[in-house]
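Asker: got a structure for you, letters missing:
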């Protein structure tokens, strides 16, 4: 892991966009790569851009540009080069020889950040599996008996690799990690079954969109929150009071990013199953980001890869950072293109009430409407109906009370088993 007292590695970022890519898009990608590098603990001291119709087979960039890059490394006293694109093993090796510096691509950098951020045993296993799968064919500087060492950026996780590492050892480790994560997935499924009668909401979105802050504010329970990419990897589920007797289970999930490595998505599938089981997805978007629509597209691509197509509520977050004119323009744009949405802010008083109200409405709509008929002296059940549900109508019929109420599915079965209580309604379970 990173030694906080260690001098940050000096890095130069390299982008090789297509000729037709706009300068704005190139700047956005480099800015994001710089934030990733900062999260990993690097100090960015320069950038280099070469527009290409297609990458070269040997070095990805042209030989002349590679020579310029080497001169820049020497001038800036940099020891690390980070490419915004994925490099083949041969390209990475050839670049390191030509530049006399360590070279990382975007995927390797993201995997390294996840190794840095992993805190629980589950997250560490997920990250290690992704690293092993990605690095299995690369066999460079990353393995020493598959043990973690305190290396620099790009050297976290399984350790310093020697070229003569036995690939079968890696395969056995992969198989073991898959078994461990399979057990975790089964355990999660057991827990989800116990919660199926509750309304479940999954918060999804681009990394650093504010999902953890929203969950912390709604639940009143502390979560790790930091203004950096991938501040947290572990999903957290909290019960949230939505008002008027309604509650929901909200789950914060790992943030997505442009070109999220496929190995990483596959490794985190057990965690992402929480999204698949949710009754509603709340897509949290950083509305203050100038490229918020591009970030939305990146998230939607990952959700499509996971075959997720359930109900989605758009939450445009951080509106406290917008001017009044910008907020009005945002409202119009969202209404025109994206349908149901709410504007949210964790910092403003009452800034989460629109989201809370929308979730309350969705939870209410998910509850069956039933008629409960009970004896007037059955005060316990009467109180339970008011406590557990939303009473829409009450009528007295001699010694019997008839209530029309929206109630959670779980309590319907319980009331039906009670002697002297009758439950009617085609929606009832």
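Answerer: Thanks, I have the structure now. Note that the structure is predicted; figures quoted are calculated from it, not measured. Numbers count the residues shown, from 1 in each chain.
Asker: from residue 77, how far off is residue 32?
Answerer: 25 Å (Cβ to Cβ, to the nearest Å). Where you see a C-beta, it was placed from the backbone N, CA and C, and this is true even at glycine.
Asker: more neighbours: these two, which one.
Answerer: Taking other Cβ atoms under 10 Å, residue 32 and residue 77 do not tie; residue 32 has more neighbours (21 against 8).
Asker: the stretch 201-350 of the chain: strands as residue ranges?
Answerer: For the stretch 201-350 of the chain, the strands defined by DSSP state E, counting those that start in this stretch occupy 236-243, 246-252, 280-286, 312-317, 341-343.
Asker: where along the stretch 101-250 of the chain do the helices fall?
Answerer: If DSSP state H, counting those that start in this stretch is used as the criterion, the helices of the stretch 101-250 of the chain fall at 106-117, 121-135, 167-194, 211-219.
Asker: any idea of the mean pLDDT for the third one?
Answerer: Right, the one you point to is helix 167-194. Helix 167-194 shows a mean pLDDT of 77.
Asker: again with the shortest one
Answerer: Average pLDDT, helix 211-219: 91.
Asker: quick one: residue 419 is in a helix?
Answerer: No: looking at residue 419 with DSSP: H, G, I helix; E, B strand; the rest coil, it is coil, so not inside a helix.
Asker: got phi/psi on it?
Answerer: With angles defined as degrees, to the nearest 10, residue 419 sits at phi -70, psi 130.
Asker: count of neighbours near it?
Answerer: Quick note: residue 419 (other Cβ under 10 Å) scores 5 neighbours.
Asker: for residue 335, same thing?
Answerer: So residue 335, with other Cβ under 10 Å, has 11 neighbours.
Asker: mind giving me the domain ranges of this protein?
Answerer: 9-104, 119-181, 195-365, 367-424 (automatic domain parsing).
Asker: which of those domains has the lowest mean pLDDT?
Answerer: Looking at the domains of the chain, the bottom one is domain 119-181 with a mean of 66.
Asker: span of that domain from start to end?
Answerer: 15 Å (Cα to Cα, to the nearest Å).
Asker: repeat that for stretch 13-23.
Answerer: So stretch 13-23: terminal residues 16 Å apart, Cα to Cα.
Asker: close enough to count as contact, residue 110 and residue 262?
Answerer: No: if you go by Cβ atoms under 8 Å, residue 110 and residue 262 don't touch, sitting 11.4 Å apart.
Asker: neighbour count: these two, which is higher?
Answerer: Between residue 110 and residue 262, residue 110 has the larger neighbour count (other Cβ under 10 Å), namely 25 against 13.
Asker: ok, now which ones touch the nearest residue to residue 320 once chain neighbours are set aside?
Answerer: Nearest residue to residue 320 in three dimensions, chain neighbours excluded: residue 345, at 4.2 Å (Cβ to Cβ, 6 or more residues apart in numbering). With contact set as Cβ atoms under 8 Å, 6 or more residues apart in numbering, residue 345 has these partners: 317-320, 351-352.
Asker: for residue 206, give its distance to residue 254.
Answerer: 11 Å.
Asker: do residue 81 as well
Answerer: Residue 81 is 27 Å from residue 254, by Cβ to Cβ.
Asker: how many other residues sit next to residue 38?
Answerer: 15.
Asker: out of the contacts of residue 345, which is most surrounded?
Answerer: residue 317 (29 neighbours).
Asker: so what's that residue bridging to?
Answerer: On the basis of DSSP bridges, residue 317 is bridged to residue 286.
Asker: doesn't residue 289 make contact with it?
Answerer: No: checked against Cβ under 8 Å, the pair residue 317 and residue 289 is beyond contact range at 9.9 Å.
Asker: picking that back up, any chance of CSV for the strands of the stretch 201-350 of the chain, columns distance to residue 26?
Answerer: Shown next, in CSV, are the strands of the stretch 201-350 of the chain (distance: least, Cβ to Cβ, whole Å):
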stretch, distance to residue 26
strand 236-243, 35
strand 246-252, 32
strand 280-286, 20
strand 312-317, 26
strand 341-343, 29
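Asker: looking at these, which is closest to residue 22?
Answerer: Comparing these against residue 22 with Cβ to Cβ, the closest turns out to be strand 280-286 (20.7 Å).
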